[in-house]
Each structure stands twice: as C-alpha cells, then as structure tokens.
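Novice: all I have is the shape, not the residue letters:
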C-alpha cells in the first residue's frame, strides 16, 4: 500500500527536517566563530581555518556514493541514527579537543554525517511523496532544515563570546541527541530502496537497465553547474563590499564593516528560507509543473549576477543581493524537486547519490575556481558576467518546450505527460 498521503507524508519529512536543522547547529556556528576564535581551538595559523571549513566538502565526494550503497542495504532509520550520532559526537568534540590534526578528523566525520543526513532527507521526501506534493515536501524539508544554519550562526555568535566555544560546542552537540527519539518514532522500518521507484523498476526491466538516461544526466550536470555558480557570491561577497564600498557604510543608521554587512545579508536568506522554499515547492506542484518557475528563477538570478560587480548605490546593491538570494532559494528547491522527479522514475538511490556528489563537487570547486579568476585583470567583472551567461544557458536548456526532466522520462516509459 502506498505510504504517502498529505498528512502521513508531511510528518516524517518535517521530523527529518528538524533533525537535520539540529545537526547543522555546530557546523554553522563554526563559520561565524572559528575565523575569530581559532586560537581557542588550538590552531596555529589562519590558513588552518580555511582547510577545516572546507575539508568536509571534499570528504563528501567519496563518502556519498558509499553511503548511497549503504542506504540500499539498510533502513532509513538506521542511517539517520548514525547521522545524528556522528553529528553530535563531532560537535561535542569541538569542545573537548584542541589542535589542527584532531579537528581535521572531526570535520571529516562531520562530512560523513552530512552525507547521511542529506541522502536520508532526499530519500525520505521521495518515499513519502507523490507527484501532487513532492515539490511542497522538498521545499518544507529544505526550509526547515536550513533554520539550523540561522540559529547556529546567531546563537553561536552571541553565546561564544559570553561562554566560550568549548562550552557552546558541547551544549550544541548534546542538544542534537534530542533528534534520536523522533527518528525512532516517526521513521518507519524498511530500506531506502523500498519505494515506488523500485516497484516501477520491477515492472519495467528495460528502465532498470537504462538508469543513466538523458534526463538523469542533464539534472546531474545542472546540479554541478548551479551549485558551483551559487558558491561564487558566497565566496566573494565580503571582497565585493570591501572593493566597491571603501568608505564607511551607513545602513539603517548603523556603521557597517564589510564582514558585518556580508554576514547580515547571508543570514537574511536563512530567515526567509522556511517560508519561501515551501511556497515555491507548493507552487511547482501545480498543473504547469516546475520548469516554468525554475527557468524564471534562473533568469532572475542571471539578471542579478550581471548587476552585482558594478559600483551601484549601497541600498540598491543590497536589494540586488537579496533578490539573488531569494532566487537562489527557489532554484535550489526546484532543482532538488526535479532531481527527485527523475529519480522516482529511475533508480532512487543511484540517481540521488550521483546528484548529491555532483552538487558537492560544484560546491567544492566553486571557491577554488572563483579565486583563480578574481586575481586576473577585471576578474570579478568577468566572473559575474560569465556566471550570468551560464545561468541563462541553463534556463534555455531547461525551457519547458525542451522537456528535459520528468516529461522526458515519462515519454521514455510510454506515459503521456
């Protein structure tokens, strides 16, 4: 019997989103406090901070395929238990241990924990959704889970100067364990592979022999490119402000430094994420589908990227940044939903594993390629204009008449869209 009604599907997805948000507390805190309190962590140089904040992304590249294989063999519940335990252990470890070597191990373990969480979240949404509510549930998962980033940044930034990083890390880590009983209660037994997609494959063995169809390859390539481009602004926002606005900045009557303004702008996204992601996901479940909204969000992003490198009035420039971030929320939610659509009609674990690896690779390559280009003459200008062009090309690639995703898979299966 199908496990997905609106009520039954919403509860487990909400639970996994809350558990994921709890597990993000420690990681998000580090992005705010570690660049300032790195000596408290026993580090000897600032470059070690950069390595520690990025190594978890590189660990995810080999770990995600292995975790995808594990999810084929074990219940979702077990994978999520492991994720929470690893996340809690690494965060408590930030408070108990000092030194670059041990922190490198802790950050690597966090990368594995995040792979379990992210794959578990995707598979939970796919398992408990159907074509009528998949976008809404994916938006709900993305929006609620990213509240952990907001709380981790704000609470960490306030509490660490008062209580110290060690104490806050231990409290955050212990707080994460509160997610374990909810996983036990609301995530039922059964393997991640026990979904409707598996049943479709049994009914149509020709599809099972052709997992890597054109729609699957397109969505994976799109994920790599978009996550690479989205890191461009995250990696260069402070530098852009420092370069374009050298005079003291006044915003709503407060003098702002470049890092302060960049932090406020990026934190704003996490504040609206639960509402905007859920709204976009719900709209994409309508009769017109996801592609029109996806292409519109890409075009809006492209227009914003094309305006970012210019020295505009500060209020106008900040409005453009917020506009891009809102469009990025829509792009991420719709891309995840499109990937889920494609995976549902092929091999869920295989496709979502490949999609996760591609997006992680894009996130890992983005900062490195960005700073290679920034050092060139007019590098920042070419970087943002080039990103805008790529976004427009992706929008053309996915224009509704091209039907590169779900509709194409349905036609492959002989089903009329």
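Specialist: Here it is on my side, so go on. These numbers come from a predicted model, not from an experiment.

Novice: next, the buried residues of the helix or strand containing residue 282.
Specialist: According to DSSP states H and E, residue 282 maps onto helix 258-284. Buried residues in helix 258-284, counted by 16 or more other C-beta atoms under 10 Å: 258, 261-263, 265-270, 272-274, 276-281, 283-284. For glycine as for every other residue, the C-beta is placed from the backbone atoms N, C-alpha and C.

Novice: which SSE is immediately downstream of that helix?
Specialist: Assigned by DSSP H and E, the successor of helix 258-284 is helix 291-307.

Novice: next, the angle helix 258-284 makes with the helix or strand that comes right after that following helix.
Specialist: Downstream of helix 291-307, the first helix or strand assigned by DSSP H and E is helix 314-344. On the basis of axes from the mean of the first three to the mean of the last three C-alpha atoms, to 10 degrees, helix 314-344 is oriented at 40 degrees to helix 258-284.

Novice: mind checking how far helix 314-344 is from the chain centre?
Specialist: Centroid displacement of helix 314-344 relative to its chain, using C-alpha atoms, centre = their mean, to the nearest Å, is 11 Å.

Novice: same deal with stretch 365-383?
Specialist: The chain centre lies 23 Å from the centre of stretch 365-383; the measure is C-alpha atoms, centre = their mean.

Novice: same check on stretch 151-160?
Specialist: 20 Å.

Novice: tell me the pLDDT of residue 205.
Specialist: pLDDT for residue 205: 46.

Novice: residue 325: what's it in contact with?
Specialist: Residues counted as contacts of residue 325 (C-beta atoms under 8 Å, 6 or more residues apart in numbering) are 265, 266, 268, 269.

Novice: tabulate the residues you listed (JSON lines), appending distance to residue 51 and pLDDT.
Specialist: As requested, those are arranged in JSON lines below (distance: C-beta to C-beta, whole Å; pLDDT from 0 to 100):
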{"residue": "265", "distance to residue 51": "25", "pLDDT": "78"}
{"residue": "266", "distance to residue 51": "21", "pLDDT": "72"}
{"residue": "268", "distance to residue 51": "28", "pLDDT": "78"}
{"residue": "269", "distance to residue 51": "25", "pLDDT": "77"}
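
Novice: got the contact list for residue 70?
Specialist: residue 79 are the contacts of residue 70 under C-beta under 8 Å, 6+ apart.

Novice: quick one: it from residue 76, how far?
Specialist: Going from residue 70 to residue 76 by C-beta to C-beta, to the nearest Å gives 11 Å.

Novice: how about residue 344?
Specialist: 16 Å.

Novice: residues in contact with the closest residue to residue 221 other than its chain neighbours?
Specialist: Nearest residue to residue 221 in three dimensions, chain neighbours excluded: residue 358, at 7.3 Å (C-beta to C-beta, 6 or more residues apart in numbering). Taking C-beta under 8 Å, 6+ apart as the criterion, residue 358 is in contact with 220, 221, 223, 224, 227.

Novice: and the next element down the chain from the helix or strand containing residue 358?
Specialist: Residue 358 is part of helix 348-374, with elements assigned from DSSP H and E. Going down the chain from helix 348-374, the next helix or strand is helix 379-397, by DSSP H and E.

Novice: distance between that next one and the chain's centre?
Specialist: Centroid separation for helix 379-397 versus its chain: 21 Å, with C-alpha atoms, centre = their mean.

Novice: how about stretch 387-403?
Specialist: The answer for stretch 387-403 is 21 Å, by C-alpha atoms, centre = their mean.
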